[in-house]
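> Below are the sequence and a predicted model; questions follow.
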2 protein chains.
Amino acid sequence: MALCFHFLFPHPFIFKPNTFTNTTTTIPPSRSNFTIKCTNLSSSEPQPIFNSVQAFAPATVANLGPGFDFLGCAVDGIGDTVSLSVDPNVHPGQISISHISGDNHNKLSKNPIFNCAGIAAIEVMKMLSVRSVGLSLQLHKGLPLGSGLGSSAASAAAAAVAVNAIFGNRLGVQELVLASLKSEEKVSGYHADNVAPAIMGGFVLIQSYEPLNLMKLKFPEEKDLFFVLVTPEFEAPTKKMRAALPSEISMQHHVWNCSQAGALVASVLQGDVVCLGKALSSDKIVEPKRAPLIPGMEAVKRAALQAGAFGCTISGAGPTVVALIDDEAKGNFIGKHMVQAFLMYGNLKASAKVRQLDRLGARVISSTKK
Amino acid sequence: MALCFHFLFPHPFIFKPNTFTNTTTTIPPSRSNFTIKCTNLSSSEPQPIFNSVQAFAPATVANLGPGFDFLGCAVDGIGDTVSLSVDPNVHPGQISISHISGDNHNKLSKNPIFNCAGIAAIEVMKMLSVRSVGLSLQLHKGLPLGSGLGSSAASAAAAAVAVNAIFGNRLGVQELVLASLKSEEKVSGYHADNVAPAIMGGFVLIQSYEPLNLMKLKFPEEKDLFFVLVTPEFEAPTKKMRAALPSEISMQHHVWNCSQAGALVASVLQGDVVCLGKALSSDKIVEPKRAPLIPGMEAVKRAALQAGAFGCTISGAGPTVVALIDDEAKGNFIGKHMVQAFLMYGNLKASAKVRQLDRLGARVISSTKK
């Protein structure tokens, strides 16, 4: 089943036991259902309901072959974490990034206006018209930068959700996506195919931007879907990968990719992993232009398919390569073959992970009440 | 739910009371489940199990906006009928068209190799390796020629199903589509977006041709979907309409149409008629080029939407315009406005029909046993 989001609605925040402070917090139902348009908030500044909040946002696989620039999904167990606290030492209405840790943390700016988490956090504060409270933000990078796993989107999504949560979840999913899009715009372009699934979880189709129309495509609960994510030690900057795209496409290729995109969507909704893999593998427009820029990619794809993967393509703008399968053990086997192929044909070291679909999206993982 | 058809399987032929002979026939379950690859049939020529068979195939709406060239659906209550009988006066292994009636029947050739029904019938006889039986075929055209409602596909589909049925339904859906495609190829090109839904019913996505991969997209039983079909008195030859298409498409338009195609597929599977209409209306590639060739089309679309239609586009290659709605009375209202707009802005007389989805596809409607 697909769900159309044309309007504002509350995000189903999942409050889990706090792995850091051992506190469990739930938002009362009346509160969690409260949603209001950001434009109506200017006259009623919200007050924080938590002293601190910690939010996690998962990695995402955008594009998915023929789903280029409008389809993405979230994968579980890897992502970025934002810890946010009310800080009287921070200028009211502003945000300060106090600490960045994790993968390549020293490459990231602590200036909020140059940091993905900072930009999204500022946007949410603006939407909520926060003027009298200052916030301190800590970012833990669980995702490598520029890997094709939605690293910037995860930071933005975690920050947007954390700021919204600390003020009582006044904003809906759509506004959180819009806030995170402000961040993506500065990093890689105005594309929601990472931030939308990072916030909403599962598979998300971006139907339009003006207005923002998002469709969550529900992959059946009872079905197993594993992503084999193989990341080589290689930099594939999004800008370079975008420059490789053709500006014009033949009608024949357009119809082909369109039909594969339709099949991809149908396969997601049906939970047909075989058809999903086949459609994912079938891109004739983007992958053929980008694959030659990732050394060994074509051989890695062949290796994945030969090892039993149902499909394989570039994750986002690469260099991570994603393969699909319905079994974790098979996923590990496929991953080994892909890593070997990267070494043999691309002369690149690579690491493999096998992950499931993240159905939840960005969520608060701990909080301390005021 | 979407169903993938990668292999041979039996067609769920529906045997209804014979409106002509008042006989009702059912195929025994063991027989109806019998399917065999056509390539294996050469050594075992089937014998007819009926003296005569009458088959009906519904009209179809192909393209559906961003579903250009890979998506189509069947609409109920209008279509072509083929009556077929074993005829000792016809040379064994051959087919003879004895009579054509109905809409524009005198424009059609009785030479089977120049007639859509004849071509498909011959193909099915070849697939079955029929050498010792001659068949006589009568075609009743319920659909106007060149109207954008899959007239040629309906003739081919009805003929293919009738020949298959008379010999005991040895062929599966895929082979019937392939046989009918031979006919389409001679008339308008090798496109299955009319013949596949004409044979299979409902919505069908054509994922690939080599091999032929068809996905039936199940529109939920409990949902109402009405097609407002407005056909002006105007000829829009498929070849001319195809020549109007751009050969190259910008990446921006490609991504837009691809995302709308994905949304269209999701809306069908979810039974969301509002989203379906919206996606159907959103084509930025084909409709903008073809609409100016149908006088008044743009005004007709505006009139449909203003009258409450959820979406509107050209049916097939036109000139029929199709609008979507969830209520029959509203459909009639929308149809009137569309007819008025054709007269006012295109100076064309037009007629409107309101039809539901045909979920069955081509089927035997009567038969007489040997």
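Okay, I see it. Residues are numbered from 1 along each chain as shown, chains lettered A, B, ... in the order given.

> end to end, how far does stretch A:200-216 reach?
Taking C-alpha to C-alpha, to the nearest Å as the measure, stretch A:200-216 stretches 8 Å from start to finish.

> Return the distance of it from the chain's centre.
Remark: stretch A:200-216 is offset 13 Å from the chain centroid, using C-alpha atoms, centre = their mean, to the nearest Å.

> Repeat that for stretch A:72-91.
Using C-alpha atoms, centre = their mean, we find the averaged C-alpha position of stretch A:72-91 to lie 13 Å away from the chain's own average C-alpha position.

> Check what pLDDT the closest residue to A:Ala244 other than its chain neighbours gets.
Nearest non-adjacent residue to A:Ala244, counting by C-beta to C-beta, 6 or more residues apart in numbering or on different chains: A:Lys289, 4.7 Å away. No exception for glycine: its C-beta is placed from N, CA and C like everyone else's. A:Lys289 carries a pLDDT value of 95.

> Enumerate every residue touching A:Lys289.
A:244-246 (C-beta atoms under 8 Å, 6 or more residues apart in numbering or on different chains).

> how many other residues sit next to the residue in the stretch 51-200 of chain A that chain B sits nearest to?
Distances from the stretch 51-200 of chain A to chain B, computed as C-beta to the nearest C-beta, single out A:Phe70 as the nearest residue at 3.7 Å. Residues near A:Phe70, counting by other C-beta atoms under 10 Å in any protein chain shown, number 29.

> now the host helix or strand of A:Ala329, how far from the chain's geometric center?
Under the assignment given by DSSP states H and E, the secondary-structure element containing A:Ala329 is helix A:328-346. The gap between the average C-alpha position of helix A:328-346 and the chain average comes to 24 Å, counting by C-alpha atoms, centre = their mean.

> Give me the buried stretch members for it, please.
A:330-331, A:333-335, A:337-342, A:345-346 (16 or more other C-beta atoms under 10 Å in any protein chain shown).

> again with stretch A:250-265
Applying a neighbour-count criterion of 16+ other C-beta under 10 Å, the buried positions in stretch A:250-265 are A:251, A:253-265.

> Contacting chain B as well, which ones from these?
The residues of these that also fall near chain B, by C-beta under 8 Å from any C-beta of the partner chain, are A:251, A:254-255, A:257-265.

> Tell me the one among those residues nearest to A:Met127.
A:Met127 lies nearest to A:Val265 out of these, by C-beta to C-beta, at 30.5 Å.

> contacting residues for the closest one?
Contacts were defined as C-beta under 8 Å, 6+ apart; by that measure A:Val265 touches A:2, A:71, A:205, A:217, B:262-263, B:265-266.

> With adjacent residues omitted, what lies nearest to the residue of the stretch 51-200 of chain A closest to chain B?
Leaving out its chain neighbours, A:Phe70 is closest to B:Ser259 (C-beta to C-beta, 6+ apart), at 3.7 Å.

> Would you agree A:Pro295 is in contact with A:Glu235?
No - using C-beta atoms under 8 Å, A:Pro295 makes no contact with A:Glu235, being 11.4 Å away.

> Compare the two (neighbour count), which wins?
Neighbour tally, A:Pro295 and A:Glu235, criterion other C-beta under 10 Å: the higher count belongs to A:Pro295, 17 against 11.

> quick check: longest strand of chain A.
Ranked by residue count under DSSP state E, the longest strand found in chain A is strand A:71-86.

> as a whole number, average confidence for that one?
Confidence over strand A:71-86 (mean pLDDT, whole number) is 97.

> what does stretch A:302-315 give?
Average pLDDT, stretch A:302-315: 98.

> Within its sheet, name the partner strands of the host helix or strand of A:Ser98 and how each one runs.
Using DSSP H and E, A:Ser98 sits in strand A:95-102. Strand A:95-102 has these partner strands in its sheet, going by DSSP bridges: strand A:135-141 (parallel).

> and the partner strand, how far out from the chain's middle?
If you compare the mean C-alpha spot of strand A:135-141 with that of the full chain, they lie 18 Å apart, counting by C-alpha atoms, centre = their mean.

> From the contact counts, what lies against the following helix or strand past it?
Sequence-wise, the next helix or strand beyond strand A:135-141 is helix A:151-166, with elements assigned using DSSP H and E. Packed against helix A:151-166 by the contact rule (3 or more C-beta pairs under 8 Å, 6 or more residues apart in numbering or on different chains; DSSP states H and E) you find strand A:50-62, strand A:71-86, helix A:116-128, strand A:135-141, helix A:173-187, helix A:195-200, strand A:363-369.

> and helix A:151-166 with strand A:50-62, angle?
Per axes from the mean of the first three to the mean of the last three C-alpha atoms, to 10 degrees, the angle that helix A:151-166 makes with strand A:50-62 is 150 degrees.

> Run the angle between helix A:151-166 and strand A:71-86 for me.
Using the same axes, to 10 degrees, helix A:151-166 lies at 50 degrees relative to strand A:71-86.
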